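J.: Generate coordinates for the sequence data below:
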Amino acid sequence: MSPPSRRSRKRPSGPSPGASAAAGRIRIIGGTFRGRRLAVADVAGLRPTGERVRETLFNWLQPHLPGARCLDLFAGSGALGIEALSRGAAHVTFVEPEARARTVLDAALATLDAGPRGRTVRGTADAFLASSDTPFDLVFVDPPFDLACQADVLAALAAAHLAPDARVYVEAPTRQPWPETLPDGLELSRERAFGEVTARLIRKFRRDAPVDSRTIGTGTRGVA
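T.: Purely as a prediction, here's the structure:
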């Protein structure tokens, strides 16, 4: 996979759709931490996933969150991973190369008394995937948009890092071409555009699992 080695910026410029009006803070929108506001590191270009996108994503994911072991692969503010913890995930590994972002994220986990359920890892996504063989139930892939590495990351995850029936969330610019085919064993389950940003939920499927006749969107095999 192409090495996403630059700073973990969520996108080059402009706010994420539905972003909080309070600069430098994010609001947890559901679960046990609902309403809590947490600081965002002062790192150039870092833009947490906005509230509109998170609300849609976690509506998709709610049946799969309780007890899930999660990976926030381009953590930044940690908004996605912390929202997962708030809604019942068992544990989240946050991968982040920027020291300031990790410091603020560690402080947020401590403030929420969520330290035992969250672990920050220093390094880039490709370095983490190369050194780990842990299977995850849920993976968040929201890289700096100028890297355009979503397809490479999906291929690396499919090869060795997904538990049976895992879900992978992928956020990308709407203008970015989406692969016509996904890595073997993965299927597009949900998709929604939010202006310049498109959110996709990918499902790992077992070939011996029954196929649900209901489909969501073009090119899907089953339901989320």
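J.: Please count neighbours and contacts with C-alpha atoms only from this point.
T.: OK.
J.: what comes up buried for the longest helix along the chain?
T.: Longest helix of the chain, by residue count under DSSP state H: helix 99-111. Of the residues in helix 99-111, those scored as buried under the neighbour-count criterion (16 or more other Cα atoms under 10 Å) are Ala101, Arg102, Val104, Leu105, Asp106, Ala108, Leu109.
J.: Give me the helices and strands touching the helix or strand following it, please.
T.: Next in sequence after helix 99-111, counting helices and strands by DSSP states H and E, comes strand 118-122. Strand 118-122 makes packing contacts with strand 91-96, helix 99-111 when contacts are defined by 3 or more Cα pairs under 8 Å, 6 or more residues apart in numbering; DSSP states H and E.
J.: and Thr181, how many neighbours?
T.: By other Cα atoms under 10 Å, the residues close to Thr181 number 11.
J.: what's the distance between it and Ala155?
T.: In this structure, Thr181 and Ala155 are 11 Å apart, going by Cα to Cα, to the nearest Å.
J.: next one: Asp133
T.: The spacing between Asp133 and Ala155, counted by Cα to Cα, is 14 Å.
J.: neighbour-wise, which of the two wins?
T.: Ala155 (16 against 12).
J.: returning to what we had before: go through the helices and strands packed on strand 118-122 and name the closest to Arg167.
T.: strand 91-96 (14.0 Å; Cα to Cα).
J.: quick check: angle from that closest one to helix 99-111?
T.: Between the axis of strand 91-96 and that of helix 99-111 there is an angle of 160 degrees, by axes from the mean of the first three to the mean of the last three Cα atoms, to 10 degrees.
J.: Go through stretch 119-138 and flag the buried ones.
T.: Taking 16+ other Cα under 10 Å as the basis for neighbour counts, the residues of stretch 119-138 that come out buried are Arg119, Thr120, Val121, Gly123, Thr124, Ala125, Asp126, Leu129, Pro135, Phe136, Asp137, Leu138.
J.: ok, those vs Thr198, which is closest?
T.: Lowest distance from Thr198 to those (Cα to Cα) belongs to Leu138, with 18.4 Å.
J.: show me what contacts that closest one?
T.: Listed by Cα atoms under 8 Å, 6 or more residues apart in numbering, the contact set of Leu138 reads Ala68, Arg69, Cys70, Leu71, Leu162, Ala166, Arg167, Val168, Tyr169.
J.: repeat for Val40
T.: Gly24, Arg25, Ile26, Ser77, Ala101, Val104, Leu105.
J.: so which of the residues you listed would you say is closest to His91?
T.: Within the set of the contacts of Val40, Leu105 lies nearest His91; the separation is 14.7 Å, counting by Cα to Cα.
J.: The helix or strand hosting Leu188 - what's its average pLDDT?
T.: Assigned by DSSP H and E, Leu188 belongs to strand 186-194. With pLDDT averaged residue by residue, strand 186-194 scores 96.
J.: Can you list the strands that whatever helix or strand comes next after it pairs with?
T.: Following the chain from strand 186-194 toward its C-terminal end, the next helix or strand by DSSP H and E is strand 197-204. The strands that strand 197-204 pairs with in its sheet are strand 162-173 (antiparallel), strand 186-194 (antiparallel) (by DSSP bridges).
J.: pretty sure Thr49 is in contact with Gly81, am I right?
T.: No - with contact defined as Cα atoms under 8 Å, Thr49 does not count as touching Gly81 (10.9 Å).
J.: Could you tell me how far stretch 79-96 lies from the centre of the chain?
T.: Taking Cα atoms, centre = their mean, to the nearest Å, one finds stretch 79-96 lying 9 Å from the centre of the chain it belongs to.
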